[in-house]
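Trainee: Got a predicted structure here, sequence first:
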Amino acid sequence: MSSILIKDTTREERAAIVAKALADFESGCDGAPAGLERMYDEYIEGRMELREVNMAFNSGYISGKDGPTRSGCGYY
């Protein structure tokens with residue numbers, strides 16, 4: 001499968017795409033936040049493209065020095 005667009009995938013393929021991405025994410029040092037998989041329900045159900053889901057999530061992110069710090073993976 002070369003395309004992850006809704007028109008080119010089945011619901012099962014989209015669920016597998018999300019599951020694999022989250023498994024890759026969880027293998028990192030900090031792990032995936034609880035409930036992150038629910039964020040992708042709109043994509044799995046074919047209502048929003050994956051790109052749109054990620055853009056909606058990122059639009060609420062505020063960057064700044066006052067935010068939390070990470071440790072253990074080279075983050076200081």
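Mentor: Yep, that arrived.

Trainee: For the protein, just list every one of the helices.
Mentor: For the chain, the helices defined by DSSP state H occupy 11-26, 41-44, 50-58.

Trainee: What are the buried residues along the second one?
Mentor: With burial defined by 16 or more other CB atoms under 10 Å, the residues of helix 41-44 counted as buried are Tyr43, Ile44. In short, each C-beta sits where N, CA and C put it, glycine included.

Trainee: what's that helix in contact with?
Mentor: Here helix 41-44 makes contact (CB atoms under 8 Å, 6 or more residues apart in numbering) with Ile6, Arg11, Arg14, Ala15, Val18, Met48, Glu49, Leu50, Glu52, Val53.

Trainee: okay, that helix in CSV with CA atoms only?
Mentor: In CSV, the C-alpha atoms belonging to helix 41-44 read as follows (Å, rounded to 0.1, in the frame of the first residue of the first chain):
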residue,chain,number,x,y,z
ASP,A,41,-11.0,7.6,15.1
GLU,A,42,-12.0,10.3,12.5
TYR,A,43,-9.4,9.0,10.1
ILE,A,44,-10.2,5.3,10.7
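
Trainee: Buried only: go through the contacts of helix 41-44 for me.
Mentor: Among these, those classed as buried by neighbour count (16+ other CB under 10 Å) are Ile6, Arg14, Ala15, Val18, Met48, Leu50, Val53.

Trainee: For Tyr40, state which of those is nearest.
Mentor: Val18 (4.5 Å; CB to CB).

Trainee: Can you check the pLDDT for that closest one?
Mentor: For Val18, the model assigns a pLDDT of 92.

Trainee: do the same with Glu52
Mentor: Taking Glu52 on its own, its pLDDT is 93.

Trainee: Pull the contacting residues for it.
Mentor: Counting by CB under 8 Å, 6+ apart, Glu52 has contacts Glu42, Tyr43.

Trainee: Please apply the same query to Asn58.
Mentor: No contacts exist for Asn58 under CB under 8 Å, 6+ apart.

Trainee: From Leu36, how far out is it?
Mentor: Per CB to CB, to the nearest Å, Asn58 is found 13 Å from Leu36.
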